[in-house]
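Chemist: need coordinates for the below:
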Amino acid sequence: MNEIEMKKTKCVQAATKKIGKLHAVLRILRPAQWIKNFFVLAPLIFGGALFQLESLCAGLITFLAYSFAASSIYCYNDIHDVDDDRRHPEKCHRPIASGTISVGQAYVLMILMIVLSLAMVSFLLLPGCFVSISEHSVLKVAGVIVFYWLLNLAYCAKLKQYAIIDVCVVAFGFVLRLLAGGFAVDIVLSKWIVLMTFLITLFMSFAKRRDDVLRMEATGEAPRKNTIRYNLTFINQAITITASVTLVCYIMYTVSPEITAKFHTDYLYLTSIFVLVGLLRYIQIAVVDKKSGNPTKIILKDHFTQFVVLAWLVAFILIIYVV
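Modeler: Below is the predicted model:
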C-alpha cells in the first residue's frame with residue numbers, strides 16, 4: 001500500500017469514526033422520542049387556534065424547547081442506568097453502556113440540551129418573531145419545563161423504583177407538556193383535556209409495564225427494580241380501568257355544554273368512535289401481540305394505529321373548523 005492509499009484509508013477511517021460518534025450522539029438524544037412532545041401542540045387543536053400563525057409559531061418553539069429538555073433527561077437516564085443497561089440484552093447497546101460515549105461526554109450533552117431548551121424559550125421574547133406572548137407567560141413556560149426537568153431527574157434517580165408512582169410520574173409529565181403548550185399560546189385548558197391526557201398516558205404506561213412483566217416471567221429476572229411489584233393480573237386490570245375511564249372522560253368532554261358552546265357544534269361526540277377503536281387496537285397490541293414495550297415504536301410503525309389517529313385528527317379538525 002503506497003502513501004496515497006494509506007492517507008485515503010486513514011481519511012475513510014476518520015470519517016467513519018466521526019459518523020459513528022454522531023450516530024451515537026443521536027441515539028442518546030433519542031429524537032424519535034420527540035413525538036411525545038406533540039402533546040405541547042394539543043392546546044392549539046382543542047383551543048381552535050391551529051391555523052393562527054402566531055399561536056402556531058409559539059407552539060412549535062415550545063415543542064422544540066420541550067424536546068431539548070427531554071433529550072437532556074435521556075442523557076441523565078443513560079448515565080444513571082449504565083450498570084443495569086450493560087446487563088440488559090438490548091440496552092447494552094446504548095451509547096454509554098457500549099462505551100461509544102463516555103459518562104463525561106454524556107454530562108456535557110445533558111447540560112447543553114437543557115441550555116438549548118431555555119434558549120428556545122427565550123426566543124418567544126425576541127422582537128421581530130412571529131409570536132406575541134407576554135413575559136409572564138414565557139416565565140410560566142420556562143417554569144413548567146424546569147419543573148419537568150427536575151421531576152424527571154428525580155424519576156431517573158429514585159422515583160421509578162416505586163411501582164404505581166413510576167407510571168403516575170410519566171403520565172404527569174405529559175400533563176406538563178400540555179400546560180406548557182397552553183401557556184405558550186395563552187389558552188386556558190379544559191379540565192377534561194387535562195384529565196384525558198393523564199389517563200391516556202397512564203394507560204400506555206401500564207401497557208408498557210406489561211411488557212416488562214412478560215419478560216420477567218420468561219427470564220426470571222426483573223428488567224426494572226419495581227417490576228416485582230407488578231403481575232399480569234394487576235396490569236391487565238389497570239389497563240382495563242384506565243382505558244374505560246379515558247373513553248368515558250372523552251365522551252363527557254365532547255358532550256359537555258362548555259365545549260359544544262365553544263365550538264358551536266353538537267357533533268364532536270362522533271369522534272369517540274376513533275378513540276374507542278384506538279384504545280382497542282392498543283390493548284390488542286399489548287395483550288395479543290405482546291409488543292407494548294415501546295409506545296413510540298407502535299405509533300411510528302403500526303399502520304392501523306396511525307390510520308386511527310389520523311382519522312380522529314381529521315374528523316376533529318373538520319368538525320370544529322368547517323362544520
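Chemist: so residue 262 is in which element?
Modeler: Assigned by DSSP states H and E, residue 262 falls within helix 257-263.
Chemist: low-confidence ranges, the stretch 101-250 of the chain, go.
Modeler: Along the stretch 101-250 of the chain, segments meeting pLDDT under 70 span 127-132.
Chemist: hmm, back to that, chain center to the next helix-or-strand element following the helix holding residue 262: distance?
Modeler: Secondary structure here is assigned by DSSP H and E; on that basis, the next helix or strand after helix 257-263 toward the C-terminus is helix 272-287. Using C-alpha atoms, centre = their mean, to the nearest Å, we find the averaged C-alpha position of helix 272-287 to lie 19 Å away from the chain's own average C-alpha position.
Chemist: with only the CA atoms kept, save helix 272-287 in PDB.
Modeler: Below are the C-alpha coordinates for helix 272-287, written out as PDB (Å, rounded to 0.1, in the frame of the first residue of the first chain):
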ATOM      1  CA  SER A 272     -65.400   9.000  20.200                       C
ATOM      2  CA  ILE A 273     -65.600   6.100  17.700                       C
ATOM      3  CA  PHE A 274     -61.900   6.600  16.800                       C
ATOM      4  CA  VAL A 275     -60.900   6.900  20.400                       C
ATOM      5  CA  LEU A 276     -62.600   3.600  21.200                       C
ATOM      6  CA  VAL A 277     -61.000   1.800  18.200                       C
ATOM      7  CA  GLY A 278     -57.600   3.300  19.000                       C
ATOM      8  CA  LEU A 279     -57.800   2.000  22.600                       C
ATOM      9  CA  LEU A 280     -58.900  -1.400  21.500                       C
ATOM     10  CA  ARG A 281     -56.100  -1.600  19.000                       C
ATOM     11  CA  TYR A 282     -53.500  -0.700  21.700                       C
ATOM     12  CA  ILE A 283     -54.900  -3.300  24.000                       C
ATOM     13  CA  GLN A 284     -54.700  -5.800  21.200                       C
ATOM     14  CA  ILE A 285     -51.000  -5.000  20.700                       C
ATOM     15  CA  ALA A 286     -50.400  -5.300  24.400                       C
ATOM     16  CA  VAL A 287     -52.400  -8.400  25.200                       C
END
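Chemist: who touches that helix?
Modeler: Defining contact as C-beta atoms under 8 Å, 6 or more residues apart in numbering, one finds that helix 272-287 is touched by 203-204, 207, 210-211, 236, 239, 243, 246-247, 250-251, 254, 291-292, 298, 302, 304-305, 308-309, 311-312, 315. For glycine as for every other residue, the C-beta is placed from the backbone atoms N, C-alpha and C.
Chemist: so after it, what's the next helix or strand?
Modeler: As assigned by DSSP H and E, the chain's next helix or strand after helix 272-287 is helix 295-301.
Chemist: can you select the buried ones from the contacts of helix 272-287 in ChimeraX?
Modeler: Selection of buried members from the contacts of helix 272-287 for ChimeraX, criterion 16 or more other C-beta atoms under 10 Å:
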select :203,204,207,210,211,236,239,243,246,247,250,251,254,291,292,298,302,305,308,309,312,315
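Chemist: got a list of what residue 137 touches?
Modeler: With contacts defined as C-beta under 8 Å, 6+ apart, the neighbours of residue 137 are 124, 183, 184, 186.
Chemist: centroid residue for this structure?
Modeler: Using C-alpha atoms, centre = their mean, the residue of the chain that lies closest to the mean C-alpha position is residue 36, 2.5 Å off.
Chemist: let me know the secondary structure of residue 221.
Modeler: Three-state secondary structure (criterion: DSSP: H, G, I helix; E, B strand; the rest coil) places residue 221 in coil.
Chemist: for it, grab phi and psi.
Modeler: Here the main-chain torsion angles of residue 221 (degrees, to the nearest 10) amount to phi -120, psi 130.
Chemist: likewise the one 4 residues further on?
Modeler: When read as degrees, to the nearest 10, the backbone of residue 225 gives phi -60, psi -30.
Chemist: is residue 187 part of a helix or strand, or is it coil?
Modeler: When classified by three-state DSSP, residue 187 comes out as coil.
Chemist: so it touches residue 45, yeah?
Modeler: No - with contacts defined as C-beta atoms under 8 Å, residue 187 does not count as touching residue 45, sitting 10.2 Å away.
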